[in-house]
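> need a structure here:
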Amino acid sequence: NKVYSAAIAKTQKIWTAYLDSIMKVGQMQILRRQITNELNYSCRFDSKHLAAALENLNKAILADIEAHYQNPSLPYPKEDNTLLYEITAYLEAAGIHNPLNKIYITTKNLPYFPTINFLFLISQFPKLQYNRNLGIV
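The predicted model follows:
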């Protein structure tokens, strides 16, 4: 019985530490999203022509790249071409990007990570409440 109690206490300690880490990452993601929205709003308010030009240039480049993948005989920007790097810097400064799609680091594939995250999510469901005013959990 003591071994079982010690195992439960250790598991609770691990879940609490994991919850703290997940909460910090989630809060950082929300902040990144809010900063991007503020940059985008400011860019559209201060210089709507610049924002429109950047959006159209981005759409044109993405359409060309997509066309290349559908038909490889069409041109693709070369490695020494700095256009993609430069337009990325402008798009990020103007808030015309999705910060949640950006990858900062990569790791090796952890074998049971999805299962652990699923179990963690199931364990946290009872703590969630729906807020009708906010429309979120």
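
> Spell out, range by range, the helices that occur in the protein.
Applying DSSP state H to the chain gives helices spanning 2-46, 48-70, 83-93, 113-124.

> Nearest to residue 100, out of these?
Smallest distance to residue 100 across the helices of the chain (CB to CB): 6.2 Å, for helix 2-46. Where C-beta positions appear, they are placed from N, C-alpha and C, glycine not excepted.

> would TSV of the helices of the chain with mean pLDDT be doable?
Shown next, in TSV, are the helices of the chain (pLDDT from 0 to 100):
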stretch	mean pLDDT
helix 2-46	87
helix 48-70	92
helix 83-93	90
helix 113-124	87
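
> From residue 32, how far out is the residue most central in space within the chain?
Residue closest to the average C-alpha location in the chain (CA atoms, centre = their mean): residue 100, at 1.5 Å. Distance of residue 100 to residue 32, given as CB to CB, to the nearest Å: 7 Å.
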